[in-house]
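*Asks:* I would like the atomic coordinates for the input below:
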Amino acid sequence: MNNLFLSLFSLFFPSQCINCGIEISFKEKLVCYGCMSKIKWTNHLENEIRSQIIQLINVPNVIDANGFFVFEKEGVEQNLIHRLKYEHSKKTGFILGRQFGQKVKKKIQDSSIEFLIPVPTHYRKKFDRGYNQSETIARGLSKELNIPASSKLVAKIKNTTSQTKLNKEERTKNIQGSFICAAQFRNINSIGVVDDVITSGSTITELCRSIVEINCSIRITIFVLGVVRHD
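*Replies:* The predicted model follows:
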């Protein structure tokens, strides 16, 4: 019955590749095979990407980092993130989160991560968008990694302007004092912080520092879909 429903759904509501617009089967979900082949996955750059993220954040408690793809403007990657953030597609985040989880599952299967913490967004932005994109990614990761995701341990209390057009110094100043963290972090040994894209690292750095202020020995692993590569 389920297979029949999916077949009928695909017939009357065909999916389109979000990058090129070509019709694709329901099971392929987001992009066609041709566009998927254009995505710059981080597989062969895993160590480089890990080092870049850790150096950008520069918080000793950050012990590991994972990226799903290299983010490039005008590419398939930008269209994926744009759909997630600006086209009201919660499904995109969940699907990408699951795929990301499948990629890193073997690597972290013996880790002691207790919670996945999505980078929070201010309540006004969440209301406008209808969801926090990082939460949707975290839910997908949680499904694959069997690690609970919690959006209740951190809140963003400062409604910052967009970081997109700011330089690194401006981004750092813009995000300062944005997060408040629950005292529960004192009883947690290891977490994963989840976000959509890391550019300068200012936002995740501020979040990690805010968490470390509560628990100076907590171990942090970073999970980001897109990584802007710095040469």
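*Asks:* which residues of the protein fall in strands?
*Replies:* Listed in chain order, the strands of the chain (DSSP state E) span 15-16, 23-24, 62-70, 115-118, 154-156, 179-181, 190-198, 219-227.
*Asks:* let's have those in a markdown table, adding mean neighbour count and distance to Lys125.
*Replies:* Where C-beta positions appear, they are placed from N, C-alpha and C, glycine not excepted. As requested, the strands of the chain are exported to a markdown table (neighbours: other C-beta atoms under 10 Å; distance: least, C-beta to C-beta, whole Å):
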| stretch | mean neighbour count | distance to Lys125 |
| --- | --- | --- |
| strand 15-16 | 16 | 27 |
| strand 23-24 | 16 | 31 |
| strand 62-70 | 22 | 23 |
| strand 115-118 | 26 | 13 |
| strand 154-156 | 19 | 8 |
| strand 179-181 | 18 | 14 |
| strand 190-198 | 23 | 13 |
| strand 219-227 | 25 | 18 |
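*Asks:* so where's this structure shaky on pLDDT?
*Replies:* Within the chain, the stretches with pLDDT under 70 are 1-14, 26-28, 161, 164-165, 231.
*Asks:* show me where it has helices.
*Replies:* Assigned by DSSP state H, the chain shows helices spanning 2-12, 33-36, 46-57, 76-86, 90-108, 123-129, 133-145, 168-175, 202-214.
*Asks:* nearest to Ala183, out of these?
*Replies:* Of all those, it is helix 202-214 that lies closest to Ala183, at 6.6 Å by C-beta to C-beta.
*Asks:* which of the residues in the closest one are buried?
*Replies:* Within helix 202-214, the residues that count as buried by 16 or more other C-beta atoms under 10 Å are Ser202, Thr203, Ile204, Thr205, Glu206, Leu207, Cys208, Arg209, Ser210, Ile211, Val212, Ile214.
*Asks:* Lys91: neighbour count?
*Replies:* Neighbour count of Lys91, defined by other C-beta atoms under 10 Å: 14.
*Asks:* how near is it to Phe115?
*Replies:* Distance of Lys91 to Phe115, given as C-beta to C-beta, to the nearest Å: 23 Å.
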